[in-house]
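> Quick check, what structure comes out for this input:
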Amino acid sequence: MEIQQGYTTEAVKAFSAAVAHDPKLVGPYLNLSRIRMQSAATDQVARAEALRLSLKVLQLDPANDEAHY
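Presented below is the predicted three-dimensional model:
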C-alpha cells in the first residue's frame, strides 16, 4: 500500500519486515526488487540489489516469470 502512495522508504521497511518474519515469502522479495529497479538505470548498487532479490525469488519460485525478466 505504501509504495502505491509514493512512500518508498516505508514500503521497503514493510517488505523487509515481511521477509524477516518469513524468509520464504516470494512477494516481498519481488516487491523489493521492483523498488530497486526504479533507480537501477543510474545506480549500480540498486541494480546489484535488484538482481540479488530477483535471484532469491527464482530460488524460492523457479517458475516466476517476472523474476526471469
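
> what's the single longest helix in this protein?
The single longest helix within the chain, with elements called by DSSP state H, is helix 44-60.

> Is the most centrally placed residue in the chain in a helix, a strand, or coil?
Note on the chain: the residue nearest the mean C-alpha position is L32, at 2.0 Å, using C-alpha atoms, centre = their mean. Put simply, L32 is helix when judged by DSSP: H, G, I helix; E, B strand; the rest coil.

> ok, now which ones touch it?
With contacts defined as C-beta atoms under 8 Å, 6 or more residues apart in numbering, L32 is in contact with 12, 15-16, 19, 49, 53. The way it works is simple: take the backbone N, C-alpha and C, and place the C-beta from them, glycine included.

> next one: T42
By C-beta under 8 Å, 6+ apart, T42 lies in contact with nothing.

> picking that back up, of the contacts of L32, keep whichever come out buried.
By neighbour count, with 16 or more other C-beta atoms under 10 Å, the contacts of L32 hold 12, 15, 19, 49, 53 as buried.
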